[in-house]
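[1] coords below, sequence missing:
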């Protein structure tokens, strides 16, 4: 039997193949990474555990040079310690991001303190890895804990939590395509836009929704309008003679066929209104990209956000159309939402 043809050799080859399929190609020699490392080094930060690499399937990211423990801690000895975390763990999809030190630190900082970190659009993030991050007062370190460690040459991810794209853009500077938590918010003005202006009980209905926490966080998602949004609309669509049943609405009870149908109709109108608004904003941003060349990168992010919201609204519109047909065919098939307490 020839050397290297045995069972042990085959197992080793399979392990090597699986490892090479997920292993990244080191890209630390590229100019953009060299510039970023120089920028960080000038601010007294260097990291030897991670290196930039390109991975199959995910593109640019960070590769572990050594096995990483479930706990990563960075001493907070200067305002640029937060930049260390950016280099080691955080990822954004913009060409640059502002580092924002705490207000009191900015007061005594050097002119270059609130600087732009170059080329931080090089890394990846995942919605599936659980990460907890916090400052430890005892150790004076900013700690990031993962559910498990990271093996040598594996890609390192960070999870930002179940946030919608608006929150991700505002807080972290990127938009996640096909984000399962993506949603489109409905403002108070839009909520009542297609309701009768002659409804004398409208102010009282709005007051009830506000008192019970049903005036905010009303959204459309991939699977249609949220239960909170539909519940708010059902209460707003209550007929005058049914107004005393408002508590039953908040508990998820069906008041009447007319109320169910009217609330679905209004939800459809709001959804179509937001679809038109999103389409108009996409066209506006497209024109702005042609006019403001210096802001192309930032406008591209805004464009991505509106495009993703448009997709969510299109999915919601399809769901509403299906619900409407189902309701007309058999009202009882709509089902009841989970019950919540009302005081």
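    All right, it came through fine. What you see is a predicted model, and the numbers here were worked out from it, not measured in a lab.
[2] make it CA atoms for all contacts and neighbour counts henceforth
    Noted.
[3] where does this structure dip in pLDDT?
    When residues are selected by pLDDT under 70, those of the chain lie in 1-22, 44-47, 69-135, 141-149, 158-159, 328-343.
[4] Strands of that one, residue ranges please.
    When secondary structure is read from DSSP state E, the chain shows strands at 25-26, 50-55, 59-64, 71-75, 96-98, 116-118, 131-136, 141-146, 155-156, 183-185, 219-221, 224-225.
[5] Against which helices or strands is the second one packed?
    Secondary structure elements in contact with strand 50-55, counted by 3 or more C-alpha pairs under 8 Å, 6 or more residues apart in numbering; DSSP states H and E, are strand 25-26, strand 59-64.
[6] Out of those, which one sits most buried?
    Comparing the helices and strands packed on strand 50-55 by mean neighbour count (mean count of other C-alpha atoms under 10 Å), strand 59-64 comes out on top with a mean of 23.
[7] in its sheet, what does that one sit against?
    Sheet pairing of strand 59-64 (DSSP bridges) gives strand 50-55 (antiparallel), strand 155-156 (antiparallel).
[8] Residue ranges of each domain in the chain, please.
    With automatic domain parsing serving as the domain definition, the record reports that the chain contains domains spanning 23-161, 183-334.
[9] is it true that residue 168 touches residue 181?
    No: Residue 168 sits out of contact with residue 181 when judged by C-alpha atoms under 8 Å, with a separation of 10.5 Å.
[10] what sits against the closest residue in space to residue 249 that isn't next to it in sequence?
    Distances taken as C-alpha to C-alpha, 6 or more residues apart in numbering put residue 235 closest to residue 249, at 6.2 Å, once the chain neighbours are dropped. With contacts defined as C-alpha atoms under 8 Å, 6 or more residues apart in numbering, the neighbours of residue 235 are 205, 246, 249-250.
[11] Those residues into JSON lines, with extra columns for distance to residue 67 and neighbour count?
    What follows is these, written out as JSON lines (distance: C-alpha to C-alpha, whole Å; neighbours: other C-alpha atoms under 10 Å):
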{"residue": "205", "distance to residue 67": "58", "neighbour count": "19"}
{"residue": "246", "distance to residue 67": "58", "neighbour count": "18"}
{"residue": "249", "distance to residue 67": "55", "neighbour count": "19"}
{"residue": "250", "distance to residue 67": "52", "neighbour count": "22"}
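[12] Between the residues you listed, which sits nearest residue 58?
    Closest approach to residue 58 among the contacts of residue 235 (C-alpha to C-alpha): residue 250, at 44.0 Å.
[13] With adjacent residues omitted, what lies nearest to that closest one?
    The spatially closest residue to residue 250, leaving aside those adjacent along the chain, is residue 231, at 6.4 Å (C-alpha to C-alpha, 6+ apart).
[14] Can you give me the neighbour number for that neighbour?
    By other C-alpha atoms under 10 Å, 23 other residues sit near residue 231.
[15] Is it in contact with residue 248, as I believe?
    No: under the criterion of C-alpha under 8 Å, residue 231 lies out of contact with residue 248, with a separation of 10.4 Å.
[16] which residues are in contact with both of these two?
    Between them, residue 231 and residue 248 share no contacting residue, judged by C-alpha under 8 Å, 6+ apart.
[17] Can you report phi and psi for residue 255?
    Per-residue torsions, residue 255: phi -90, psi -50 (degrees, to the nearest 10).
[18] what residues are up against it?
    With contact taken as C-alpha under 8 Å, 6+ apart, residue 255 is in contact with 242, 245, 248-249.
[19] Distance of it relative to residue 53?
    When distances are taken as C-alpha to C-alpha, to the nearest Å, residue 255 and residue 53 turn out to be 59 Å apart.
[20] again with residue 171
    As it turns out, when the distance is counted by C-alpha to C-alpha, residue 171 lies 25 Å from residue 53.
[21] More neighbours: which of these two?
    Comparing residue 171 with residue 53 by neighbour count (other C-alpha under 10 Å), the higher total belongs to residue 53, at 23 against 11.
[22] how much space between the residue nearest to the more buried one when sequence neighbours are not counted and residue 270?
    Counting by C-alpha to C-alpha, 6+ apart, the nearest residue to residue 53 once its immediate chain neighbours are dropped is residue 26, at 4.3 Å. Applying C-alpha to C-alpha, the value for residue 26 to residue 270 is 49 Å.
[23] ok, now residue 297?
    Counting by C-alpha to C-alpha, the gap between residue 297 and residue 270 amounts to 31 Å.
[24] between those two, which one's more packed in?
    The residue with more neighbours, out of residue 297 and residue 270 and counting by other C-alpha under 10 Å, is residue 270; that gives 20 against 15.
[25] Correct me if wrong: the more buried one contacts residue 194.
    Yes: applying C-alpha under 8 Å as the test, residue 270 and residue 194 come out as touching, 7.3 Å apart.
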